[in-house]
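Trainee: below is the structure, and that's it, no one-letter string:
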């Protein structure tokens, strides 16, 4: 055999071995279903249909949700519905995939019966095809944020209430039957255990303070401001991840530019006091002034001007308070401990990112020959 023939033979042999290796690795990964772990778990209010597998999962201790209570329609700008029920509480999202032998109608009817048997109430039914648009178009209606919703075939929807839980359930077909489930465990913030300042920031994201005193035209805090500063510092110590913006405001008496500078100086004075005398880290606070540009009352009266002379505290990350204030009795600690990040693959198995990387490397190697 000449040199050129031997080289061709070696290349062919190497190509065959490499191809076989790729096939073996890819096949073992596909058939070892235990290598890819499920993310999340069923909600205790509504178990999965037999044979269903969790494909996507998300859980928020406190978040917005919304039930659709009438047939959705396109108003030309976006999808909407005449009847909607906005809610807040613990929000669980689960996307299931089912075997191809299971029809969308079969699953939908099963969930209807399961809810009825558990003593729940069906608030709205939308039989197939509820709409023919891709399910992703309805994200804003259920306040699904960036969660995965897809498919437009055989769409069915129901809204239900079981105990204190509110349910949005979509069933459709994307190569196989899919279920998109949202469960909102409705609850208020547990504001009995927090200060009024924390409660306002948790609910509104901001609060106006009137207990921080300055002499007219001055930026230096007066001694009688100490109680308000103490409350503010205790808030920051109670929630060490909370960051705030301190905003100074004035009435419209005097020059606009002077009021702007005065409000900015007062806000910085508060930040300096909290950092120097109360131990609040300066990087957790920003300060600015808005002068007379954002009144909350009529400046033509003394009482109105008094309301406009204020310090506004804005929570830069109010979710820190909202999560902390969710009722401890309702927090599913066991579920939280078992939930895995849906964007991370299980440490013991191969994930889909591994599949993509393996295929990419294999294709590049094969292209060399």
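Mentor: Perfect, I can see it now. Remember, predicted model here, so these are calculated numbers, not experimental data.

Trainee: would you map the helices across the stretch 101-250 of the chain?
Mentor: 104-117, 139-142, 196-204, 226-238 (DSSP state H, counting those that start in this stretch).

Trainee: swap in the stretch 251-369 of the chain?
Mentor: Using DSSP H, counting those that start in this stretch, helices in the stretch 251-369 of the chain cover 256-278, 302-308, 319-325, 333-338, 352-367.

Trainee: could you tell me the least trusted of those?
Mentor: By mean pLDDT, the lowest-scoring of the helices of the stretch 251-369 of the chain turns out to be helix 333-338, with a mean of 40.

Trainee: hang on, the earlier thing: including mean pLDDT and mean neighbour count, could the helices of the stretch 101-250 of the chain go into a markdown table?
Mentor: All C-beta atoms are positioned from the backbone trio N, CA, C, and that covers glycine. Putting the helices of the stretch 101-250 of the chain into a markdown table (pLDDT from 0 to 100; neighbours: other C-beta atoms under 10 Å) gives the following:
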| stretch | mean pLDDT | mean neighbour count |
| --- | --- | --- |
| helix 104-117 | 95 | 16 |
| helix 139-142 | 88 | 18 |
| helix 196-204 | 87 | 18 |
| helix 226-238 | 93 | 16 |
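
Trainee: export the ones you listed as JSON lines, with columns for distance to residue 88.
Mentor: What follows is the helices of the stretch 101-250 of the chain, written out as JSON lines (distance: least, C-beta to C-beta, whole Å):
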{"stretch": "helix 104-117", "distance to residue 88": "22"}
{"stretch": "helix 139-142", "distance to residue 88": "13"}
{"stretch": "helix 196-204", "distance to residue 88": "10"}
{"stretch": "helix 226-238", "distance to residue 88": "22"}
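
Trainee: quick one: residues in contact with stretch 271-284.
Mentor: The contact list for stretch 271-284, computed with C-beta atoms under 8 Å, 6 or more residues apart in numbering, reads 221, 225, 229-230, 232-233, 236-237, 242-244, 246, 285-287.

Trainee: which stretches of the stretch 1-150 of the chain have low pLDDT?
Mentor: When residues are selected by pLDDT under 70, those of the stretch 1-150 of the chain lie in 1-39.

Trainee: which residues touch residue 106?
Mentor: With C-beta under 8 Å, 6+ apart, residue 106 has these contacts: residue 177.

Trainee: what's around residue 239, how many residues?
Mentor: Residue neighbour count, defined by other C-beta atoms under 10 Å, stands at 21 for residue 239.

Trainee: which residue sits closest to it in space, ignoring its chain neighbours?
Mentor: residue 320 (5.5 Å; C-beta to C-beta, 6 or more residues apart in numbering).

Trainee: let me see the contact set for the one you found.
Mentor: By C-beta under 8 Å, 6+ apart, the neighbours of residue 320 are 239, 241, 242.

Trainee: residues contacting the last one?
Mentor: Put plainly, it is residue 242. 235, 236, 284, 315, 316, 317, 320, 321.

Trainee: wait, is residue 59 part of a strand?
Mentor: Yes - the assignment for residue 59 by DSSP: H, G, I helix; E, B strand; the rest coil puts it in a strand.

Trainee: which residue is the nearest non-sequential neighbour of it?
Mentor: Ranked by C-beta to C-beta, 6+ apart and with sequence neighbours excluded, the top spatial neighbour of residue 59 is residue 92, at 5.2 Å.

Trainee: now the one you found: how far from residue 46?
Mentor: 10 Å (C-beta to C-beta, to the nearest Å).

Trainee: same question for residue 68.
Mentor: Separation of residue 68 from residue 46 (C-beta to C-beta): 17 Å.

Trainee: compare those two (neighbour count), which wins?
Mentor: Counted by other C-beta under 10 Å, residue 68 and residue 46 do not tie: residue 68 has more neighbours, with 25 against 22.

Trainee: give the bridge partners for the more buried one, please.
Mentor: For residue 68, the beta-bridge partners are residue 84 (DSSP bridges).

Trainee: cool, and residue 73?
Mentor: With DSSP bridges as the criterion, residue 73 is bridged to residue 80.

Trainee: residue 48 contacts residue 41, doesn't it?
Mentor: No - at 9.3 Å, residue 48 and residue 41 do not qualify as touching, with contact defined as C-beta atoms under 8 Å.

Trainee: which parts of the stretch 1-150 of the chain are strands?
Mentor: With DSSP state E, counting those that start in this stretch, the ranges of strands along the stretch 1-150 of the chain come out as 53-68, 73-74, 79-80, 84-97, 121-126.

Trainee: and of these, who's closest to residue 304?
Mentor: The stretch from the strands of the stretch 1-150 of the chain with the least distance to residue 304 (C-beta to C-beta) is strand 84-97; that distance is 33.2 Å.

Trainee: how many residues are close by the closest residue to residue 135 other than its chain neighbours?
Mentor: In space, and not counting its chain neighbours, residue 135 is closest to residue 149: 4.6 Å by C-beta to C-beta, 6+ apart. When neighbours are defined as other C-beta under 10 Å, residue 149 has 21 of them.

Trainee: got the contact list for residue 149?
Mentor: Residue 149 is in contact with 135, 136, 138, 139, 170, 180, counting by C-beta under 8 Å, 6+ apart.

Trainee: how far is stretch 77-96 from where the chain is centred?
Mentor: Distance of stretch 77-96 from the chain centroid (C-alpha atoms, centre = their mean, to the nearest Å) equals 13 Å.

Trainee: please consider this matter closed, and thank you.
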